[in-house]
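> whatever this is, show me its structure:
(one chain, ligands or ions: 1)
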Amino acid sequence: MPALPSEIIKLKRDGKELSKNQIKEFIDSYVSGSVADYQMSAFLMAVYFNGMSKRETFSLTEAMLHSGLVIDLSFLNGSKIDKHSTGGVGDKTSLIIGPIVAAAGVFVPMVSGRGLGHTGGTLDKLESIPGFSTQLSVEQFKDQLSRLGVCFIGQTKEICPSDKKMYALRDVTGTVECVPLICASIMSKKLAEGIDGLVLDVKVGSGAFMKTIKEARILAKALSAIAKGAKKKISVLITDMNQPLGKAIGNSLEVEECFDILKNRGPKDLRDLSIELSAQMIFLGGKAKNLGAARNVAEEILISGKALRLFEEVVSAQGGKLPLPRAQSTYAIVSKKNGFISGFQTESVGLASLLLGAGRKKSDDKIDPTAGVILHYKIGDAVKKGNALATLHYNGDKPIKEVEQMLLDSIEIRLQKPKTPRLILEKVGR
Ligand code: URA
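Numbers count the residues shown, from 1 in each chain. Down below sits the predicted model:
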């Protein structure tokens with residue numbers, strides 16, 4: 001006889017290992033509505049405190065994967081490789097990488113998520129383009145992939161419906177920063193895409209869910225183990241999130257920055273990481289004989305404008321219409337001292353952008369696509385008293401003074417020039 005949901009919650013609360021069937025039953029019942037949000041919240045918190053064994057994490061991933069459809073992309077003649085980031089502030093590489101890698105002849109089926117906590121989400125960024133739809137049917141997804149090589153969609157009722165519900169709940173119940181939950185959330189979506197391989201960008205630092213390299217390595221290894229268990233090619237980079245990636249934080253502002261990169265402008269760190277992740281995907285997809293050659297392919301595609309043209313085609317195919325909207329008001333935050341930018345409390349920068357309307361406090365909050373923050377400096381840059389450190393973009397009545405103070409507290413300025421932080425910290429075996 002199936003166990004009552006409350007019995008499964010109690011087992012996890014008491015630190016017991018759940019069986020594959022118990023996990024499957026709990027997830028299926030949540031999707032069908034017989035486990036309520038408050039029960040799932042309790043379960044998530046129990047997992048947060050007690051963790052999960054490798055076996056449980058794999059079972060949770062499988063249960064979430066099979067809560068919906070696993071897309072069959074075997075009709076596509078070529079490798080299908082995706083990239084996923086564990087989440088950061090200003091992390092917008094998917095929009096750049098998708099078209100670069102597709103232009104290199106590797107199919108990129110991207111099922112992405114929304115903003116989570118202080119971090120942004122690919123879906124919210126894309127939907128800041130007026131008319132852009134991420135809610136395509138599986139048939140439309142397949143059709144666009146075969147025509148353009150890349151398509152961006154979100155979890156739907158069909159694909160990973162369990163993650164769609166759990167992700168929104170975790171965002172507002174303090175259960176995001178948890179290795180088994182992150183692993184199952186990411187890998188269920190990725191495995192549902194019908195991919196052959198995956199490049200993972202595990203973020204570490206003050207703006208990431210993993211604050212230390214030790215935690216990031218644990219997450220990287222756990223993600224690799226699931227990919228290998230599912231017989232997928234995998235490559236994992238651990239990358240720095242001790243400052244926002246690029247300079248734009250907030251949905252349409254970030255899309256604009258992606259266009260800058262695709263036009264051969266824009267911040268170096270965002271460009272460098274986009275090239276490296278693209279190269280990893282091109283290599284995994286068998287379109288270059290080694291990583292060096294794959295980097296050259298990615299560079300050539302970016303410089304030639306091929307990726308820009310493909311991204312524009314994707315935007316139009318998914319209903320998007322440019323130009324991007326802009327917020328009505330801006331406010332410059334000015335430095336109170338001379339010195340060098342020596343660090344960021346990056347999570348606070350993400351939260352400041354959220355307070356302007358770029359993120360959600362509750363799962364059903366509407367976001368303002370145009371709201372956010374443009375930073376004017378990166379770590380190591382010299383700044384003078386009176387220079388604008390950041391510009392806020394917002395609409396209507398917002399707690400500007402509070403956001404200003406948060407940002408002034410988050411941007412560290414010292415007299416001594418700091419070392420430029422390394423962007424790509426580690427590569428975890430293939
Ligand atoms: N990205 C996801 O898709 N899920 C998480 O839990 C964290 C980051």
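> what about this structure, any weak spots by pLDDT?
1, 429-430 (pLDDT under 70).
> got the residues of it near the ligand?
Contact residues, the chain versus the ligand (C-beta under 6 Å from any ligand atom): 86, 87, 113, 116, 181, 182, 185, 186. Where you see a C-beta, it was placed from the backbone N, CA and C, and this is true even at glycine.
> can you tell me which of these are in helices?
181, 182, 185, 186 (DSSP state H).
> closest point of the stretch 251-400 of the chain to the ligand, which residue?
Closest contact between the stretch 251-400 of the chain and the ligand, by C-beta to the nearest ligand atom, is at residue 350 (13.3 Å).
> what about that residue, which helix or strand?
In this structure, residue 350 is located in helix 346-353 according to DSSP states H and E.
> for residue 405, same thing?
helix 400-410.
> can you name the residues in contact with that helix?
Helix 400-410 has contacts (C-beta atoms under 8 Å, 6 or more residues apart in numbering) with 331, 333, 336, 344-346, 348-349, 351-352, 355-356, 373, 389-390, 392, 394.
> excluding sequence neighbours, find me the nearest residue to the residue of the chain found nearest the ligand.
Of all residues in the chain, residue 185 sits closest to the ligand, at 3.5 Å by C-beta to the nearest ligand atom. Among residues not flanking residue 185 along the chain, residue 163 sits closest, at 5.3 Å (C-beta to C-beta, 6 or more residues apart in numbering).
> before we move on, back to that, ok, and for the helix holding residue 405, which residues are buried?
By 16 or more other C-beta atoms under 10 Å, the buried positions in helix 400-410 come out as 403, 404, 406, 407, 410.
> out of the residues you listed, who's nearest residue 291?
residue 410 (35.1 Å; C-beta to C-beta).
> residue contacts, residue 355?
Per C-beta under 8 Å, 6+ apart, neighbours of residue 355: 398, 399, 402, 403, 406.
> from residue 355, how far off is the last one?
Relative to residue 355, residue 406 is positioned 7 Å away (criterion: C-beta to C-beta, to the nearest Å).
> and for the second one?
Taking C-beta to C-beta as the measure, residue 399 falls 6 Å from residue 355.
> same thing with residue 260?
In terms of C-beta to C-beta, residue 260 sits 25 Å off from residue 355.
> and residue 237, by the same measure?
For residue 237, the distance to residue 355 - C-beta to C-beta - is 31 Å.
> got it, and residue 92?
Taken as C-beta to C-beta, the span from residue 92 to residue 355 is 20 Å.
> ok, residue 46 next?
According to C-beta to C-beta, residue 46 stands 31 Å off from residue 355.
> repeat for residue 158
Noted for residue 158: a distance of 34 Å to residue 355, by C-beta to C-beta.
> verify the contact between residue 285 and residue 78 for me.
Yes - applying C-beta atoms under 8 Å as the test, residue 285 and residue 78 come out as touching, 7.4 Å apart.
> overlap in contacts of these two?
By C-beta under 8 Å, 6+ apart, the residues touching both residue 285 and residue 78 are 105, 106, 107.
> dump those residues into TSV; add secondary structure and neighbour count as well.
Output for the shared contacts of residue 285 and residue 78, formatted as TSV (DSSP: H, G, I helix; E, B strand; the rest coil; neighbours: other C-beta atoms under 10 Å):
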residue	secondary structure	neighbour count
105	coil	14
106	coil	28
107	strand	25
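> and the strands in the stretch 201-350 of the chain?
233-240, 248-249, 329-334, 339-344 (DSSP state E, counting those that start in this stretch).
> could you say what helices and strands the longest one packs with?
Contact analysis of strand 233-240 by 3 or more C-beta pairs under 8 Å, 6 or more residues apart in numbering; DSSP states H and E lists strand 197-204, helix 213-229, helix 268-284, strand 424-428 as its packing neighbours.
> ok now stretch 62-71, how far from the chain's centre?
Offset of stretch 62-71 from its chain centre (C-alpha atoms, centre = their mean, to the nearest Å): 20 Å.
> tally of neighbours for the nearest residue to residue 258 once chain neighbours are set aside?
In this structure, residue 258 finds its nearest non-sequential neighbour in residue 95, 4.2 Å apart by C-beta to C-beta, 6+ apart. Residues lying near residue 95 (other C-beta atoms under 10 Å) number 25.
> follow-up on the earlier one: where's the closest residue in space to the residue of the stretch 251-400 of the chain closest to the ligand that isn't next to it in sequence relative to residue 144, distance?
Leaving aside its sequence neighbours, residue 350 sits nearest to residue 118 (C-beta to C-beta, 6+ apart; 3.3 Å). Applying C-beta to C-beta, the value for residue 118 to residue 144 is 31 Å.
> where do the helices sit along the stretch 251-400 of the chain?
251-262, 268-284, 291-304, 306-317, 346-353, 400-410 (DSSP state H, counting those that start in this stretch).
> circling back: most neighbours per residue, which of the strands of the stretch 201-350 of the chain?
Highest mean neighbour count among those (mean count of other C-beta atoms under 10 Å): strand 248-249, with a mean of 31.
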